[in-house]
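Engineer: missing the sequence, but the structure's below:
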Ligand SMILES: Nc1ncnc2c1ncn2[C@@H]1O[C@H](COP(=O)(O)OP(=O)(O)OP(=O)(O)O)[C@@H](O)[C@H]1O
Ligand SMILES: [Mg+2]
């Protein structure tokens, strides 16, 4: 376990999937202005499973929204590969999300009127691309969804729904998959299943995953943990274990920890 | 609990607004109907009062006319200032510009008995003088001092014995009344001359009414008593003006009531549709509030309180919407009266809209009742929310499977209704062949209407099953794109909600299409009837068959704009001897020149060959097809021919040119037949034809005067009457369709609210704003068109059945498809579906895709 300063983004850009420089988000104005993100510089390497952690209200979700092109920054820049997100308009962002980003949500967000299979096919249908049959077969078998494909979401357990959601997110082989507390609504067994699959998809299928979580045990599945506090990067932990993550989080609460930054 | 209700209403104000509009439109309809009917009644009353001047008493003869001495008797009564006969008679009066039929009255003997005020000049006090209503004088093109002429036939013992032409000098002008409701006179003659002419022109001295004015300060009751005691009016009724107006208005009220009933029938269709929209809205609201309701139940609210809360919300909505609806309806009637007064000054005699207490009361009660009744089912739904629902996540299965019983009921009602409808048609058609009375038609109509209602109910109940089956079919037409696919899936996911939304539309559209189909079929049937009874658009013929039309006249007809084809006929008189020896004179015709098929709209002449004769009807003689008859010409030539009955006119016959040439080689060409181009304006063409012929007659005094006739104008007039009636009916039904379309918009915006998270998810996954808008537009259009399509098909069938029942007796029943109206319905449905999606789409795209990640 090591705590290091965030590396400058420039020299790693070739291998970086997602990168932010001076990323700032301010909600509201004047007296009620909230600095959700305050000049964040961070890089998420390609083919890596990164967890973002931090106290509630520290700006984890906000950071993810900006990096995923779901929301616009107040200042600073964000790149997805070589594309500068902060320079794109809504339609361009939409197309970019459609083609290069995958999402896994805390409450699964499957479309209730479609079957698991149809839900999985949605992203490629939206982009008009042909569904890569071989790839989906790999996903279906890896996720163990073979006998559930014709079921509607309400006929599936939470864990199964989340596995369908993961298959949906990966179906277009996106440059990066963002997951906001993907295990938040699952029991520990289903949560473990989902997390192991996320890790496998990085190790075996070469995906890049950025996951926001509150759970140190979940974070331990990641290759690296980025710590966030008060809208700023507060450190990073490589090869995390539940213990090291817990310690890192505890350190954030002590004034001394901020010195490390 | 009341607080909670109010809070919930405030929170869903936007959602309730659309439902409120539905009720508002319905109640406005009711209020406007009631007020319009009351206004008409008031205007009728005012008109009667006005047409009796300031008379104190009106005598109305009942079984026998008043005798000539009656007036003298009345005038002799103490306290009577004056008495006049109450009488009008019409004369055609010709002025400088025009001639017009004017109702004339005698100059009153007392100003109190004067109907209409003298505006200019003096009264007609000597024979030869005439006072005219200012508007009539203007139309005739005459003023004070000008002379007008009039002519009338003199009748004696039911026979015309003489014809008189008289000159009159205009000496005064009456204020124009132009009152639409009164029968007021257009002019006055000196009383003596009036009587003389009246008796001459009507052949009788009978008078049926008298107006009486009292001396100032006379004891009205006493005078009335002495008049009533007169033996010469023992048989007549004596009434004051208010008494009479009351009686006459009551008599007229029958038609006012009919008007009111018809209007209210349309209003109730609108209200029924509004009720469906309300039910739907509340069901959705209850579904969306499941968690809140369950929480309320958790903290101790009883079922009764929950029910009261929902019904209270409905009642409050009903009150607000009905009050606004009342105001709107009143505004419409007040505006209508204003417009009418501007268009036809004086038409309503300054009648004001009578605001009776029952108008607001009925409107409010109806509005509130419909709203509360419509909320009963949703209220029941709300009471069934279990307290534990508060603890369950809201997301999950949308289980709205509808029961088997419902399906059975729907099919039974549809089939039973359809059978009854078919039975009604069969009954009407069967009886119309054997029975000339309307019994079959009325019986069939009653059975058919009942069957129609039952089958419509079946359709509405069954739409939960039908609509979700139809939507994917239509959805496929909307395209293969993902947004279209999602839209289709969304449209079918709440079968009940979608079915309730489309039901409202089905009712409105079915009625619109039914009326259009009925009108279209009626029009076709009447025109076909017209074609066979008079198959030629325009006919110009000599009045005396010894005369011959000139070639110039034939050319003039042929060259008239709008004339497509021309044929000419020769005519000769001949004697016809039937097989049984019966002999009668007939007019024999044959085509001289031109192709009869090109000018006739029926194929009666198709059966003609050199051995046959086509014969129209003869009085009191039964003809048998195939009989051999003998035609004897004026010079004695005889020819035996086989008889074929055809609709060629009474005592008229048709033979081929060869037969005709053998019988009457020198017979003149007497008639020109012409067919108009299909898109030509009948009135314009016949006017042009008439003036072309007039010019020829003026230039060539030898040429015969031709009389122009034909079915073209009648055809156009029929069409116009039907079109006008249809336009009125469609306008009234339009309100129901508008309400239903408001319902589509409402359902869509409620659904959008429910699908916040889903739409945000789709946006996150790459659905552009444009695609999201498109998706909602497709959903709106799908719902609107499926409702319109089902309604149109039902309406078409109902329309055909109705036409078959009502028109079946006419023989040549023609069922048609009113493509124009169907097209309009389709366009309106698609447009409305698109419009319905605009507001929901705006709020949907404004939402950030970030909402997809929000947990609650
Ligand atoms: N739409 C918004 N408007 C105003 N303030 C917001 C908005 N979204 C987030 N914030 C504020 O920005 C800050 C960061 O919020 P964010 O949701 O990113 O935190 P988080 O780290 O994801 O917290 P949690 O762990 O509770 O999900 C918080 O103070 C929050 O109140
Ligand atoms: Mg968060």
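Structural biologist: All right, it came through fine. This structure is a prediction, so every number in the text was calculated from the model and none was measured. Ligands and ions are numbered 1, 2, ... in the order given.

Engineer: which stretches of the stretch 151-300 of chain B have low pLDDT?
Structural biologist: B:158-159, B:176-185, B:252-256 (pLDDT under 70).

Engineer: please parse chain B into its domains.
Structural biologist: B:89-205, B:431-534+B:712-856, B:537-710 (automatic domain parsing).

Engineer: just these: most buried one?
Structural biologist: With neighbours defined as mean count of other Cβ atoms under 10 Å in any protein chain shown, those peak in mean count at domain B:431-534+B:712-856, which reaches a mean of 21. C-beta: built from backbone N, CA, C; applies to glycine.

Engineer: any part of that domain near ligand 1?
Structural biologist: No - judged by Cβ under 6 Å from any ligand atom, domain B:431-534+B:712-856 makes no contact with ligand 1; its nearest approach is 7.5 Å.

Engineer: mean confidence (pLDDT) on that domain, please.
Structural biologist: For domain B:431-534+B:712-856, the mean pLDDT works out to 85.

Engineer: my read: residue B:157 touches residue B:204, true?
Structural biologist: No - counting by Cβ atoms under 8 Å, residue B:157 stays clear of residue B:204, with 10.2 Å between them.

Engineer: so which bits of the helix or strand containing residue A:78 are buried?
Structural biologist: Taking DSSP states H and E as the criterion, residue A:78 maps to strand A:75-80. Within strand A:75-80, the residues scored as buried using 16 or more other Cβ atoms under 10 Å in any protein chain shown are A:76-80.

Engineer: same check on stretch A:17-37?
Structural biologist: A:17-21, A:23-25, A:35-37.

Engineer: ok so, going back, quick one, which of the domains of chain B is nearest to residue A:197?
Structural biologist: Checking these against residue A:197 by Cβ to Cβ gives domain B:431-534+B:712-856 as the closest, at 19.5 Å.

Engineer: need the phi and psi values for the residue in the stretch 151-261 of chain A positioned nearest to chain B.
Structural biologist: Nearest residue of the stretch 151-261 of chain A to chain B: residue A:154, at 3.7 Å (Cβ to the nearest Cβ). Here is the backbone geometry of residue A:154 (degrees, to the nearest 10): phi -70, psi -10.

Engineer: does it touch residue A:112 like I think?
Structural biologist: Yes - using Cβ under 8 Å, residue A:154 is in contact with residue A:112, at 6.4 Å.

Engineer: who are the packing partners of the helix or strand that residue B:3 is a member of?
Structural biologist: Assigned by DSSP H and E, residue B:3 belongs to helix B:2-11. In terms of contacts (3 or more Cβ pairs under 8 Å, 6 or more residues apart in numbering or on different chains; DSSP states H and E), helix B:2-11 is packed against helix B:303-343.

Engineer: just how off-centre is the next helix or strand after the helix it packs on within its chain?
Structural biologist: Following helix B:303-343 in sequence order, the next helix or strand is helix B:358-374 (DSSP H and E). Chain-centre distance of helix B:358-374: 28 Å, with Cα atoms, centre = their mean, to the nearest Å.

Engineer: list the helices and strands helix B:358-374 packs on?
Structural biologist: helix B:13-50, helix B:241-288, helix B:303-343.

Engineer: by how many degrees do that helix and helix B:13-50 diverge?
Structural biologist: Relative orientation of helix B:358-374 versus helix B:13-50 (axes from the mean of the first three to the mean of the last three Cα atoms, to 10 degrees): 150 degrees.

Engineer: tell me the buried residues in helix B:358-374?
Structural biologist: Going by neighbour count (16+ other Cβ under 10 Å), the buried part of helix B:358-374 is B:359-360, B:362-364, B:366-368, B:370-372, B:374.
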